[in-house]
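Colleague: Predicted structure and sequence below. I'll ask about it afterward.
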Amino acid sequence: MPSYSIDAPEVVALPVANTDATFPVRRVYCIGRNYAAHAVEMGHDPDREPPFFFQKNPDNLDPSGEFPYPPKSSDVHHEVEMAVMLKSGGNNIAIADALEHVFGYALSLDMTRRDLQGEQKKMGRPWEIGKAFERSAPVGVVHPVADVGHLSEGRIELKVNNEVRQEGDLNQMIWKVPEMISYLSDYFTLAAGDVILSGTPAGVGPVQKGDIMEMSVQGLGSVKVPVT
Ligand code: MN
């Protein structure tokens, strides 16, 4: 055992369906504007420009099943996304080989302090203050590929208080999962434990304390996440 000068931070570990073993998280990459209708609603051209990514912190992923409304914002938006969990990685991964690195998939929310993100965008500054805050990514259990296969199509939806707010189909992603993995691997060294949030369909909007969010992806079931 190595000797640390302070207590070592805990490994962030997410529950995996049908097993006691958990999925340890290394990094979290999030793609922006990956569904055309969402790019349009945010005021951007949906043409296939090169993808862009930002990061959240591993411990922003929160499997607790609730979302505490964060401080310093009065405009916190839901973004339902499919999360992709990697079991291996590397550099210069070919698109054709990319899915071999996927361990599984999970429901997730890229919660966003939209007011703060907007200020940062205007000033050309990084987005972390709007995106990478505490518990900013509620996540469901990880479903291994062995159980659910690979997901490239199927309904993705978010309800708030039983009303559909976001809907789309995984097949509407501008950059598909294998393309995202390949692209990221050209710029970063991907590795086991990395997580990719694959973008949100149209219909993002604010939540309030007391709201019940319900995220679902066909093949991954649904998870309710109250805003507390
Ligand atoms: Mn997002």
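Modeller: Everything's here; your move.
Colleague: From here on, just use CA atoms for contacts and neighbour counts.
Modeller: Will do.
Colleague: which residues in this protein form helices?
Modeller: Assigned by DSSP state H, the chain shows helices spanning 36-41, 114-123, 128-131, 145-148, 177-187.
Colleague: Tell me which of the ones you listed approaches the ion most closely.
Modeller: Of all those, helix 128-131 sits nearest to the ion, with 8.7 Å by C-alpha to the ion.
Colleague: And the contacts of that closest one?
Modeller: Here helix 128-131 makes contact (C-alpha atoms under 8 Å, 6 or more residues apart in numbering) with 55, 56, 110, 111, 112, 113, 114, 115, 116, 117.
Colleague: nearest to residue 184, of the residues you listed?
Modeller: Nearest to residue 184, judged by C-alpha to C-alpha, of these is residue 55 at 11.8 Å.
Colleague: wait, doesn't the closest one sit right on residue 61?
Modeller: No - between residue 55 and residue 61 there is no contact, the gap being 11.5 Å when judged by C-alpha atoms under 8 Å.
Colleague: Would you mind trimming the contacts of helix 128-131 to those in range of the ion?
Modeller: By C-alpha under 5 Å from the ion, the members of the contacts of helix 128-131 lying near the ion are residue 110.
Colleague: Make TSV from the contacts of helix 128-131 and add neighbour count and pLDDT to it.
Modeller: Formatted as TSV, the contacts of helix 128-131 follow (neighbours: other C-alpha atoms under 10 Å; pLDDT from 0 to 100):
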residue	neighbour count	pLDDT
55	17	98
56	24	98
110	27	98
111	25	98
112	27	98
113	27	98
114	21	97
115	16	97
116	19	96
117	20	95
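Colleague: Switch the contacts of helix 128-131 over to a markdown table; also include distance to residue 157.
Modeller: Below are the contacts of helix 128-131 laid out as a markdown table (distance: C-alpha to C-alpha, whole Å):
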| residue | distance to residue 157 |
| --- | --- |
| 55 | 23 |
| 56 | 22 |
| 110 | 13 |
| 111 | 15 |
| 112 | 17 |
| 113 | 20 |
| 114 | 20 |
| 115 | 23 |
| 116 | 25 |
| 117 | 23 |
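Colleague: what number of residues lie near residue 150?
Modeller: 17 (other C-alpha atoms under 10 Å).
Colleague: quick one, what contacts the spatially most central residue of the chain?
Modeller: The centre of the chain sits closest to residue 197, judged by C-alpha atoms, centre = their mean, with a distance of 2.9 Å. Shown in contact with residue 197 (C-alpha under 8 Å, 6+ apart): 28, 29, 30, 31, 81, 82, 83, 84, 108, 110.
Colleague: try 10 Å
Modeller: 28-32, 53-56, 80-85, 105-110, 137, 177, 180 (C-alpha atoms under 10 Å, 6 or more residues apart in numbering).
Colleague: list the helices and strands the helix or strand of the chain with the lowest mean pLDDT packs on?
Modeller: Every helix and strand in the chain was compared by mean pLDDT, DSSP states H and E; the lowest is helix 36-41, with a mean of 82. Counting contacts by 3 or more C-alpha pairs under 10 Å, 6 or more residues apart in numbering; DSSP states H and E, helix 36-41 is packed against strand 163-169.
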